[in-house]
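Undergrad: I would like the atomic coordinates for the input below:
(2 chains, ligands or ions: 3)
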Amino acid sequence: MKPAPFELVRPRSLDEALEALASSPDAKVLAGGQSLVPLLSMRLASPALLVDINGIGPLAYVRSDDDGVRVGALARHTDVLGDDEAARVQPLLRKALRLVAHATIRNRGTTVGSVVHADASAEMPAVLALTEGHVTAASVDGRRRIPAGELFVGPMESSLRPDEVAVEAFFPALPAGAGTAVEEVARRHGDYALCGVAAVVRPGEGARVSYFSVCDVPVAVDVSEQLAGGPTDAAVADAAELALTRLDPPADIHASADYRRHLVRVLTARALRSAWDEAHEEGR
Amino acid sequence: MTETRYDVRLHVNGTVHDVQVPARRLLSDALRHDVGLTGTHVGCEHGVCGACTVLMDGRPVRSCLVLAVSAVDAEITTVEGLADADGSLGPVQQAFKECHGLQCGFCTPGFLTTITAGLEENPSPTPEEAREMVAGNLCRCTGYQNIVASVLRAAELRGGDA
Ligand SMILES: Cc1cc2nc3c(=O)[nH]c(=O)nc-3n(C[C@H](O)[C@H](O)[C@H](O)COP(=O)(O)OP(=O)(O)OC[C@H]3O[C@@H](n4cnc5c(N)ncnc54)[C@H](O)[C@@H]3O)c2cc1C
Ligand code: FES
Ligand code: FES
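TA: Ligands and ions are numbered 1, 2, ... in the order given. As a prediction, this is how the structure comes out:
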């Protein structure tokens, strides 16, 4: 299992990287390589040119303020996970990142790479969708902002153009008074989930859930109406049924579609209750 | 058509190695074939087994998921770099020897590097934390009990310093 031949450039600045991407119709960005290198080795991807952005130091940042958390393209999962300010401003980041692979993979893989890789089994695209964040994309033509709702277009397919670098992902701050939760079931700790649910609940104001591993693209569902009277058995069951109308759980060697539907119900209930409880405990 | 080769300067265990490799050379292969350090083992070659784990700037990474050309800015530590300066076993190696933390030894280099970095971060892990530390590495022989014991023994040998 060795990659097919390709050329590689290792620019020291973003502008150089954008030039390189514009110069070749078959170029790909190499960030942490934790998804791309396996694809190359299995020869599921064989680009002519790789643009390695690991030498562009200024892209390695995590910045938090009252608006939210800005994650630069070279911030490794580990850096985002360990950032206390980021965890305070948007607690879903730390809660979800703990479940992304193992520490060794997180040391190299980037959060922005994970988002634009757009794997519907991955945690971070679902968190971006839930929080209604966005990605900033740069090309030789300039910059544009892609909201989460327009980023994920199909399985492993984002609306990022091949000549663009995703320079930053923005995760909006958790509103005051809200609680969060991420619940998943995986065959082994560190594996991709069979089913995963992320939730934000603001008692009396609203509730949203998003799903991974049970849909082609991350799906976020507004369940404010269902949760209006609190997370009763009936309320969380109704929320899960509403979500299921939007989900399409796959059947594979790891789990049947029915079992995944069952997990949607169980994990939706757990996530909504836990987020609700947290909102009350924090009294934020 | 001949494949382009790239001049790559790797910093491995404190020594500089200048190698010429194609862009597709995995760091695992560069270490084994170009640098000649065969202690780093290659199992699955897609990031799952952990046998190829090396330290890049002190952090464990899968060397089969890093291109050699991408490793130029980092200080790399392989299992060969874990012994003490006089050639005697480092604390994690010593602990594996004492606790029978290995059988065939194929997975061992990946465990040794991972645990070395893990104890740097958490010098006195609980049994639960020791388990968590090695959860990303596969071993087909030992059943893991003695590996977990080795983590705890290595912590003792290091004297819980840091
Ligand atoms: C054993 C193993 C287990 C894993 N388990 C999980 C898991 O449980 N959950 C999970 O979410 N992930 C998991 N991953 C994947 C991991 O999170 C990756 O780090 C992540 O998916 C991709 O980030 P990267 O920086 O490695 O991107 P790369 O592999 O470098 O790139 C992935 C894709 O995104 C593109 N890309 C990356 N960055 C940019 C950018 N800035 N601009 C434009 N395009 C870009 C690349 O061109 C490529 O197409 C696992 C990986 C492994 C090897
Ligand atoms: S050989 Fe690299 S993780 Fe298995
Ligand atoms: S000792 Fe044989 S695989 Fe671990």
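Undergrad: Domains in the chain, by residue range?
TA: Here I'm looking at chain A. For chain A, the structural domains run A:7-52, A:57-172, A:179-282, going by automatic domain parsing.
Undergrad: wrong one, I was asking about chain B
TA: If you go by automatic domain parsing, chain B breaks into B:5-81, B:91-157.
Undergrad: Out of those, which gets nearest to ligand 1?
TA: Nearest to ligand 1 among these is domain B:5-81; the distance by C-beta to the nearest ligand atom comes to 3.0 Å. In this view, the C-beta of every residue, glycine as well, is placed from N, C-alpha and C.
Undergrad: Could you give the separation between the terminal residues of that closest one?
TA: Terminal residues of domain B:5-81 are spaced 27 Å apart (C-alpha to C-alpha, to the nearest Å).
Undergrad: when you scan that domain, is anything in it near ligand 2?
TA: Yes. Judged by C-beta under 6 Å from any ligand atom, domain B:5-81 and ligand 2 are in contact via B:42-45, B:47-52, B:62, B:64.
Undergrad: List only buried entries from these.
TA: Listed as buried from the residues of domain B:5-81 next to ligand 2 are B:42-45, B:47-52, B:62, B:64; burial here means 16 or more other C-beta atoms under 10 Å in any protein chain shown.
Undergrad: which bits of chain B sit near ligand 1?
TA: Counting by C-beta under 6 Å from any ligand atom, chain B comes close to ligand 1 at B:47-48, B:65.
Undergrad: follow-up on the earlier one: select, out of the domains of chain A, the one closest to B:Ala85.
TA: Closest to B:Ala85 of these, according to C-beta to C-beta: domain A:57-172, at 26.3 Å.
Undergrad: first to last residue in that closest one, what's the distance?
TA: Length of domain A:57-172, first residue to last, C-alpha to C-alpha: 24 Å.
Undergrad: again, but for stretch A:64-81
TA: The straight-line separation of the ends of stretch A:64-81 (C-alpha to C-alpha) is 13 Å.
Undergrad: for that stretch, the distance to its chain's centre please.
TA: Its chain's C-alpha centre and that of stretch A:64-81 lie 12 Å apart, by C-alpha atoms, centre = their mean, to the nearest Å.
Undergrad: and that stretch with ligand 1, contact?
TA: Yes. Shown here: stretch A:64-81 in contact with ligand 1 (C-beta under 6 Å from any ligand atom) through A:Ala73.
Undergrad: what about that stretch, average pLDDT?
TA: The average pLDDT within stretch A:64-81 is 98.
Undergrad: go on, stretch A:271-279?
TA: Mean pLDDT, stretch A:271-279: 97.
Undergrad: what do you get for stretch B:100-112?
TA: 98.
Undergrad: Run through the stretch 151-284 of chain A and note the low-pLDDT ranges.
TA: Within the stretch 151-284 of chain A, the stretches with pLDDT under 70 are A:282-284.
Undergrad: closest to ligand 2 out of the domains of chain A?
TA: That would be domain A:57-172 among the domains of chain A, by C-beta to the nearest ligand atom, at 8.4 Å.
Undergrad: Stretch B:121-135 - what's its average pLDDT?
TA: Summarised as a single mean, pLDDT over stretch B:121-135 is 96.
Undergrad: Any buried residues in it, and which?
TA: Neighbour-count burial for stretch B:121-135 [16+ other C-beta under 10 Å]: B:122, B:125, B:130, B:132-135.
Undergrad: would CSV of these with secondary structure be doable?
TA: Compiled in CSV, these are given as follows (DSSP: H, G, I helix; E, B strand; the rest coil):
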residue, secondary structure
B:Asn122, coil
B:Pro125, coil
B:Ala130, helix
B:Glu132, helix
B:Met133, helix
B:Val134, coil
B:Ala135, coil
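Undergrad: which one among those residues gets closest to ligand 3?
TA: When the buried residues of stretch B:121-135 are ranked by distance to ligand 3 (C-beta to the nearest ligand atom), B:Val134 comes first, at 10.8 Å.
Undergrad: Just list the residues touching that closest one, thanks.
TA: The contact partners of B:Val134, by C-beta atoms under 8 Å, 6 or more residues apart in numbering or on different chains, come to B:111, B:114-115, B:118, B:144, B:147-148, B:151.
Undergrad: Same question for B:Leu102.
TA: B:96, B:108, B:111, B:141-142.
Undergrad: Helix, strand or coil: sort out B:Ile147 for me.
TA: Recorded secondary structure, B:Ile147: helix (three-state DSSP).
Undergrad: sorry, back to before: of the domains of chain A, give the one that comes closest to B:Gln20.
TA: Among the domains of chain A, the nearest to B:Gln20 by C-beta to C-beta is domain A:7-52 (13.7 Å).
Undergrad: now check the closest one, is it near ligand 1?
TA: Yes. Domain A:7-52 reaches ligand 1 (C-beta under 6 Å from any ligand atom) through A:28-36, A:38.
Undergrad: Setting aside sequence-adjacent positions, which residue approaches the residue in chain B positioned nearest to chain A most closely?
TA: The nearest approach of chain B to chain A comes at B:Gly136, 3.0 Å away (C-beta to the nearest C-beta). Distance criterion C-beta to C-beta, 6 or more residues apart in numbering or on different chains; nearest residue to B:Gly136, sequence neighbours excluded, is A:His102 at 3.0 Å.
Undergrad: Same question for B:Glu75.
TA: In space, and not counting its chain neighbours, B:Glu75 is closest to B:His11: 5.0 Å by C-beta to C-beta, 6+ apart.
Undergrad: follow-up on the earlier one: okay if I get the domains of chain A as TSV plus mean neighbour count?
TA: Output for the domains of chain A, formatted as TSV (neighbours: other C-beta atoms under 10 Å in any protein chain shown):
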stretch	mean neighbour count
domain A:7-52	19
domain A:57-172	21
domain A:179-282	19
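Undergrad: Next, format these as TSV and append distance to B:Asp84.
TA: Compiled in TSV, the domains of chain A are given as follows (distance: least, C-beta to C-beta, whole Å):
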stretch	distance to B:Asp84
domain A:7-52	32
domain A:57-172	24
domain A:179-282	32
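Undergrad: between those, which gets nearest to B:Gly90?
TA: Minimum separation from B:Gly90 across these (C-beta to C-beta) falls at domain A:57-172, 19.2 Å.
Undergrad: for that closest one, the distance to its chain's centre please.
TA: In terms of C-alpha atoms, centre = their mean, the centre of domain A:57-172 is found 6 Å from the chain centre.
Undergrad: Over to B:Thr114: give its phi and psi.
TA: Per-residue torsions, B:Thr114: phi -60, psi -40 (degrees, to the nearest 10).
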